[in-house]
Structure formats: C-alpha cells, structure tokens
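Asker: Below: sequence and its predicted model.
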Amino acid sequence: MQRYIDRFLRYLEIEKNSSPHTLLNYGLDLKGFQAFLGGLDLEKVDYLLLRKYMAGLKEKNMRQKSVSRKLSCLRSFFRFLCREGYLKNNPVLTLMSPKREKHLPLFLTEEEAKLLIESPSLNNELGLRDRAILETLYSTGMRVSELVGLDIQDADFIGGVVKVKGKGKKERLLPIGDKAIEAIRRYLDKRKKETAALFLNKNHKRITDRGIRDILSRYIKKLSMNKGISPHKIRHSFATHLLNRGADLRSVQELLGHANISTTQIYTHLTTERLKNVYDKAHPRA
C-alpha cells in the first residue's frame with residue numbers, strides 16, 4: 001500500500017498543487033488507515049470495513065471535523081486508485097459523510113482589535129515588526145501561512161495591494177490599508193537585514209507560523225485577554241467587522257480566498273446585531 005500512498009501524494013503535489021499542510025495531513029491520515037488495515041490488500045477493502053474504520057475513529061472521541069477530513073482523504077485516494085487502474089471498484093462511493101458540527105467562530109470586537117494591534121512598542125525593530133504583522137493580518141484578513149510567505153516585492157505600497165499565495169498555490173491580490181502600509185514601512189526602515197522576506201524573526205530568517213503564534217500569545221498575555229485568540233481569530237474578526245459595516249458576502253468571500261461561499265456564510269450568523277438594528281429602524285411595528 002505504501003507505494004500507492006507515495007504515488008497519490010506525488011499526484012496531489014505535482015498535478016493538484018496541494019499545499020504542504022494538505023500533503024502532511026493526508027499522509028498522516030493514510031498512514032493511520034494503513035495501520036488499521038494491518039497488511040490487508042486494498043482490493044479487499046469494502047463498505048463494511050470502512051464503516052468499522054469510521055466507527056473506530058468515533059470511539060476515540062475524534063472531532064467530527066477530523067473524521068470528515070479523513071473520509072475526504074479516503075475519497076480522493078480511492079478515486080485516484082480507480083482512475084489510474086490500480087483498483088476496479090471504489091468502496092467509498094456508498095459511504096455517507098458524517099454530519100459536520102457547526103461552531104460559530106470567535107472574534108474580537110473592534111475595540112479589542114485596536115487594543116491588540118496598538119500594544120507593541122514602537123521603540124525597537126521587533127516591536128515595529130510585531131505592529132506591522134498585526135496591522136497586516138487585520139487589514140487584509142490573510143491566513144498566517146500567507147503572511148509568512150510574503151516577500152517585500154509582494155507589497156505594492158503605491159497601489160495599496162498585496163499579492164498572496166493561498167491554498168493550492170493560488171495567487172490573489174488583497175487591498176491593504178494605509179495604517180498597515182505605514183507600519184510595514186516603519187519596520188523596513190528600521191530593519192538591519194536586507195533580504196527578500198517581508199517579516200523576519202529575531203535571527204533575521206523568514207518568520208514561521210509558530211513565530212507568529214508566539215508573538216500573538218505574548219501580547220494577549222500582556223493585555224490579559226482571555227479569548228483563546230489565534231492568528232485565525234484575527235481573520236474571523238476581519239470578516240465579521242466587514243460584514244457588520246455593510247460589506248456584501250461575495251466580496252468577503254473573495255477577500256478571504258474561499259472557494260465556496262458556503263464557507264463564508266458562517267460569518268453571517270455573527271452579524272445578528274446589525275440586522276436587528278436595521279430591523280428596529282425600518283419595521284413599523286418593531
């Protein structure tokens with residue numbers, strides 16, 4: 001089975017342009033499935049065996065989101081095997097997807113976002129860098145993986161846009177606000193190391209996802225905020241604040257880089273207060 005896994009992952013990387021994050025997770029998922037089979041030939045995998053595998057995942061109290069991802073991985077894997085002629089029948093076709101849990105994303109209020117962004121000191125290079133990172137995350141709503149991949153040449157200060165490489169290596173242009181541009185400029189003016197990467201760690205290497213999370217955790221602790229705030233929560237806040245101020249869902253979808261608008265629609269649940277205000281003002285019997 002290992003050779004099929006290797007071919008499948010190579011197919012995802014070369015032909016589908018899947019992200020390193022996807023390749024890593026799918027590789028781990030298939031390794032777990034391989035361990036479950038215990039040397040059994042793939043030709044002998046059937047609906048009942050797959051049901052047993054899924055039941056085992058649930059018995060481990062695995063989150064629905066993780067179970068759904070593992071099933072999605074198996075769907076892609078067996079579809080690939082059948083298309084390439086390695087298997088005749090696809091046992092996953094009749095397997096139903098588990099109902100996914102829907103959790104409303106946590107987000108900062110506008111006041112909390114302002115407080116967080118303005119918390120770094122502007123008296124040194126690292127403080128200026130942290131301010132620029134927080135301003136950029138909130139100004140653009142980009143993913144942390146997109147932020148760490150930014151090069152200086154990706155930022156168009158005159159045009160007010162930044163080019164990011166998202167999931168599946170798809171590029172898109174995002175508007176970036178004046179405050180974020182100003183923060184980046186101040187940081188670059190103070191920075192001692194000349195290199196292509198936009199944001200550097202204290203060792204003057206390209207900053208990592210983990211580095212961004214550590215920076216955020218430090219300021220959350222400094223402000224005594226207790227919201228489990230991650231870089232993704234800033235992305236949630238970006239989307240929610242735009243919708244609260246009247247942005248349309250389709251535009252927010254494009255800014256976030258969501259392939260399907262159904263992914264973006266979860267944010268509409270967070271705009272109830274704005275809708276209630278509109279209702280109170282417009283309805284004659286409100």
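Answerer: Okay, I see it.
Asker: Checking my notes, Val164 in a helix, right?
Answerer: No. Val164 is assigned strand when assessed by DSSP: H, G, I helix; E, B strand; the rest coil, not a helix.
Asker: Need the nearest residue in space to it, chain neighbours excluded.
Answerer: Excluding its sequence neighbours, the residue lying closest to Val164 (C-beta to C-beta, 6 or more residues apart in numbering) is Glu146, at 4.1 Å. Yep, even glycine has a C-beta here, placed from its N, CA and C like the rest.
Asker: Now for the one you found: which residues touch it?
Answerer: Neighbouring residues of Glu146 by C-beta atoms under 8 Å, 6 or more residues apart in numbering: Val164, Lys165, Gly166, Gly257.
Asker: Work out for me the element it sits within.
Answerer: Using DSSP states H and E, Glu146 maps to helix 144-148.
Asker: swap in Ile220?
Answerer: Here Ile220, judged by DSSP H and E, is contained in helix 209-223.
Asker: Give the buried residues for that helix.
Answerer: Within helix 209-223, the residues that count as buried by 16 or more other C-beta atoms under 10 Å are Gly211, Ile212, Ile215, Leu216, Tyr219, Ile220.
Asker: can you list contacts of the strand or helix carrying Leu9?
Answerer: In the assignment (DSSP H and E), Leu9 maps to helix 2-14. Residues outside helix 2-14 that contact it (C-beta under 8 Å, 6+ apart): 18, 22-23, 26-27, 30-31, 34, 42, 76-77, 80-81, 84, 86.
Asker: The same query, at a cut-off of 10 Å, please.
Answerer: For helix 2-14, the external contacting residues (C-beta atoms under 10 Å, 6 or more residues apart in numbering) are 18-20, 22-24, 26-27, 29-31, 33-34, 42, 73, 76-81, 83-84, 86-87.
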